[in-house]
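# structure, please.
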Amino acid sequence: MFIDTHCHFNFPAFTQNLKASINAIRQANIVGLIVPAVSANHFTQLLQLVDKYPEIYAALGLHPIYQHSEADLHQLTNMVKNKPNKLVAIGEIGLDRYDLTIDWSQQLSFFRAQLALAKRFDLPVLIHSRKAHDIMYHELRQANLPRRGVIHGFSGSYQQAMQFIKLGYYIGVGGVISYVRANKTRNTIAKLPLTSLMLETDAPDMPLSGQQGEINRPENIVEICNILVQLRHESPSQIINVILTNTLTLFNRINKIEFPK
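Numbering: from 1, shown residues only. This is a model prediction of the structure:
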C-alpha cells in the first residue's frame, strides 16, 4: 500500500477525467493522496474534492513562487480555523531562491506567518525549499513546530538532509532518484535513516526518467518505491511498512489504514 504525500491531484491533468484518475490510483493500491494547494483560489475546489473521495486529503497553503495578498493569508487562516474535514497539513509553503525576481521579503513574511499557523493548530507542513536549504534550516529551527513536516522534493546534500532530520523533519523521496545522473541525491537517499523518509510524486510535475515531456501521475509512486528498494539495503516489505508508518505518524489526521498482513 502507498500514500503519495505530495500530489497536485486538483490540477486539470487529473480533474479533466477524474473518474479514470481515481480508478488508476485505486488499481495501483494507493490508499492516500495528500494534495497541497498552491494559492487561495484553489482552497474551495480542493476541499470539495477531498470530501468526494476517501483516498484524498488536503493541505492548504500559499506557495512561495506565486503572488499572494494579505487577504489570501486571512482566507487561509479562517479556513484552517474551521478545521475542515480531512485537512492534514499546511502546504505547499516554503522559500525559493531560484528566481531572484520574486519578492524575497514577501516570501519570508508569508512563510513565517504560515509556520505560525501550523504551530497554532498543531499541523505538519509541506516544505518547498529550492536553493534555500541553509536559510530554511534556520527558519524551521526558529519556528520550532510541534509536528514538524516534510522537506518536499529534496535534492540537497547528505549533510543538509541530516540537519533537517535532526530537527525532526522527514525527507520527501520523489522521481529525482530515477535519474542515474542524480548521483548526489541517490547516494543521500540510500544513506538516510529509513525512519525519516516519505514517498511523493509531485504529479503532474517531476516526471520520472524516460518519461520527460509526459504528465507525471500518482501511480508512479510504485516505481519510485521500486527504485528506492534498489538503492537501499532493507527488504521491500520493511521499506514499504516503515515509510507507511512514518506517513501515518506525521499526518495523524489520516483515517486509520490497516497494514498488509
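# residues touching Tyr66, list them.
Tyr66 sits next to 38-39 when contact means Cβ atoms under 8 Å, 6 or more residues apart in numbering. Where you see a C-beta, it was placed from the backbone N, CA and C, and this is true even at glycine.
# work out for me the element it sits within.
Counting by DSSP states H and E, no helix or strand carries Tyr66.
# what's the answer for Val150, then?
Counting by DSSP H and E, Val150 is found in strand 149-152.
# helix or strand right after that strand?
Defined by DSSP H and E, the subsequent element after strand 149-152 is helix 158-166.
# next secondary structure after that next one?
Next element after helix 158-166 (DSSP H and E): strand 170-173.
# show me where this protein has strands.
With DSSP state E as the criterion, the chain has strands at 2-4, 30-36, 56-60, 87-96, 125-130, 149-152, 170-173, 197-199.
# and those strands, which is most packed in?
Ranked by mean neighbour count under mean count of other Cβ atoms under 10 Å, those are led by strand 149-152, which reaches a mean of 28.
# which elements pack onto that one?
Under the contact criterion of 3 or more Cβ pairs under 8 Å, 6 or more residues apart in numbering; DSSP states H and E, strand 149-152 touches strand 87-96, strand 125-130, strand 170-173.
# dump those strands to a markdown table, plus mean pLDDT and distance to Lys184.
Formatted as a markdown table, these follow (pLDDT from 0 to 100; distance: least, Cβ to Cβ, whole Å):
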| stretch | mean pLDDT | distance to Lys184 |
| --- | --- | --- |
| strand 87-96 | 97 | 20 |
| strand 125-130 | 97 | 15 |
| strand 170-173 | 98 | 13 |
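# can you lay out the ones you listed as TSV showing distance to Gln212?
What follows is the helices and strands packed on strand 149-152, written out as TSV (distance: least, Cβ to Cβ, whole Å):
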stretch	distance to Gln212
strand 87-96	22
strand 125-130	19
strand 170-173	19
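# out of these, nearest to Thr245?
strand 170-173 (11.5 Å; Cβ to Cβ).
# what pairs with that closest one, parallel or antiparallel?
strand 149-152 (parallel), strand 197-199 (parallel) (DSSP bridges).
# so what touches the shortest one?
Contacting residues not belonging to strand 197-199 are listed as 2-5, 150, 170-174, 189, 221, 224-225, 228, 242-243, 246-247, 250 [Cβ under 8 Å, 6+ apart].
# how about stretch 134-143 as CSV, C-alpha atoms only?
In CSV, the C-alpha atoms belonging to stretch 134-143 read as follows (Å, rounded to 0.1, in the frame of the first residue of the first chain):
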residue,chain,number,x,y,z
ASP,A,134,20.5,26.9,4.8
ILE,A,135,18.0,29.7,5.3
MET,A,136,15.2,27.1,5.6
TYR,A,137,17.1,25.3,8.3
HIS,A,138,17.4,28.5,10.3
GLU,A,139,13.7,29.4,9.9
LEU,A,140,12.5,25.9,10.8
ARG,A,141,14.7,25.8,13.9
GLN,A,142,13.4,29.2,15.0
ALA,A,143,9.8,28.2,14.4
